[in-house]
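Visitor: no sequence on this one, just coordinates:
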């Protein structure tokens, strides 16, 4: 039980949030996100980008779907702490792109769900904008145990909004691009408290990042910076296409990724991660392992994701 409490508090701090609902929704949502430092704010080739920057879905030109599963700290034996997600983006031509996402966190002591509807549009070849509407739900069960004080469980539902933009500079040098992203999350700062208390307001979140993509050598390097309330976090990651081949007449790629980052203030907490992706016939299977450097006596987290483009 002691380990579980420590882990839940630590994850809330890493997520960059106060100890209330909305904390776990800030966790990296896919294996690729984890190995790229925790954010896809300046990426545009992945449906999971709708959780990091709604403008990123504007560049997807076909129906794309994704799903992910994360097991947090598998060394804990008295609870199963993890979350799942799903996302889909459809291209509507000149009208723009529509996306939908779902995240669900679950433990014995806390449950949190988030339903996201996203719209993204390319205004010009170099500029995309987007916005998301989020339906947030959280709940806690009634206290249990011999010495528990009898009281009802708690739950609440509220709406929140995200906005973002991306800018692309093509051929900054031949066959090399740079994409910039900026994101503002929970812009209305809704309260998740049932009585609307200011103590339950979600932190206003800002993120900015840049990704350098080499189409010649098949690699990308990304850097981002996030501020959520008084918590500041920096992340960095890279991915490299290590193998290009063919299997059963279909193109096949092996992608290697590694990255890390950490909370800079008010307390320092770091993480390192590594993983890989396997891509063939429109399918991409991603895996990541992340280790929190401050948790010396607990195992890390495992992340598995699957993406498909029609």
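Guide: Arrived safely, thanks for sending. The shown structure was predicted, so the numbers you read here are calculated from the model rather than taken from an experiment. Numbers count the residues shown, from 1 in each chain.
Visitor: quick one: contacts of stretch 57-65?
Guide: Applying Cβ atoms under 8 Å, 6 or more residues apart in numbering, the contact partners of stretch 57-65 are 44-47, 49-50, 86-91, 96-97, 99, 118, 120-122, 128-130, 166, 307-310. C-beta: built from backbone N, CA, C; applies to glycine.
Visitor: Just the ones of the residues you listed in strands?
Guide: 86-91, 97, 99, 118, 120-122, 128-130, 166, 307-309 (DSSP state E).
Visitor: Tell me which stretches of the stretch 1-150 of the chain form helices.
Guide: Assigned by DSSP state H, counting those that start in this stretch, the helices in the stretch 1-150 of the chain fall at 2-15, 31-35.
Visitor: Among the ones you listed, show the one with the smallest mean pLDDT.
Guide: Note on the helices of the stretch 1-150 of the chain: lowest mean pLDDT is at helix 2-15, with a mean of 47.
Visitor: List the buried residues in stretch 256-267.
Guide: 256, 257, 258, 259, 260, 261, 262, 263, 264 (16 or more other Cβ atoms under 10 Å).
Visitor: So what's the residue count around the spatially closest residue to residue 83 that is not a sequence neighbour?
Guide: Nearest residue to residue 83, sequence neighbours excluded (Cβ to Cβ, 6 or more residues apart in numbering): residue 105, at 4.1 Å. By other Cβ atoms under 10 Å, 23 other residues sit near residue 105.
Visitor: burial measure for the nearest residue to residue 88 once chain neighbours are set aside, as a count.
Guide: Nearest in space to residue 88, with sequence neighbours left out and distances taken as Cβ to Cβ, 6+ apart, is residue 65 at 4.5 Å. Using other Cβ under 10 Å, residue 65 has 16 neighbouring residues.
Visitor: what about the residue lying closest to residue 186 once chain neighbours are set aside, neighbour count?
Guide: Leaving aside its chain neighbours, residue 186 sits nearest to residue 202 (4.3 Å; criterion: Cβ to Cβ, 6+ apart). Number of residues near residue 202 (other Cβ under 10 Å) recorded here: 27.
Visitor: for residue 175, same thing?
Guide: 12.
Visitor: Return the residues in contact with it.
Guide: Residue 175 neighbours (Cβ under 8 Å, 6+ apart): 214, 215, 216.
Visitor: Quickly list what the residue nearest to residue 131 when sequence neighbours are not counted is bridged to.
Guide: Nearest residue to residue 131, sequence neighbours excluded (Cβ to Cβ, 6+ apart): residue 163, at 4.7 Å. Beta-bridge partners for residue 163, by DSSP bridges, are residue 131, residue 184.
Visitor: Please name the residues that touch residue 163.
Guide: So residue 163 contacts 54, 129, 130, 131, 132, 183, 184, 187 (Cβ under 8 Å, 6+ apart).
Visitor: from memory the residue nearest to residue 186 sits against residue 160, does it?
Guide: Yes. Using Cβ atoms under 8 Å, residue 202 is in contact with residue 160, at 6.4 Å.
Visitor: Common neighbours of those two, please.
Guide: What both residue 202 and residue 160 touch, as defined by Cβ under 8 Å, 6+ apart, is the set 186, 190.
Visitor: Widest-spaced pair of the contacts of residue 163?
Guide: 129 and 187 (13.9 Å; Cβ to Cβ).
Visitor: What's the local residue count around residue 156?
Guide: By the criterion of other Cβ under 10 Å, residue 156 has 16 neighbours.
Visitor: I'd assumed residue 113 was in contact with it.
Guide: No. Using Cβ under 8 Å as the test, residue 156 is too far from residue 113 to be in contact (11.4 Å).
Visitor: Touching both of the two, which residues are there?
Guide: 137, 138.
Visitor: How much space separates the closest residue to residue 237 other than its chain neighbours from residue 184?
Guide: Leaving aside its chain neighbours, residue 237 sits nearest to residue 259 (2.7 Å; criterion: Cβ to Cβ, 6+ apart). Distance, residue 259 to residue 184, by Cβ to Cβ, to the nearest Å: 23 Å.
Visitor: swap in residue 306?
Guide: 29 Å.
Visitor: Ok, residue 116 next?
Guide: Taking Cβ to Cβ as the measure, residue 116 falls 15 Å from residue 184.
Visitor: So those two - more neighbours on which side?
Guide: residue 116 (22 against 16).
Visitor: Return the per-residue confidence for the more buried one.
Guide: At residue 116, pLDDT is 97.
Visitor: For it, list the residues it contacts.
Guide: 50, 51, 87, 99, 100, 101, 102, 103, 132, 133, 134, 135.
Visitor: Now do the same contact list for the residue nearest to it when sequence neighbours are not counted.
Guide: With sequence-adjacent residues excluded and distances taken as Cβ to Cβ, 6+ apart, residue 116 is closest to residue 101, at 4.0 Å. Going by Cβ under 8 Å, 6+ apart, residue 101 touches 47, 48, 50, 51, 85, 86, 87, 88, 114, 115, 116, 118.
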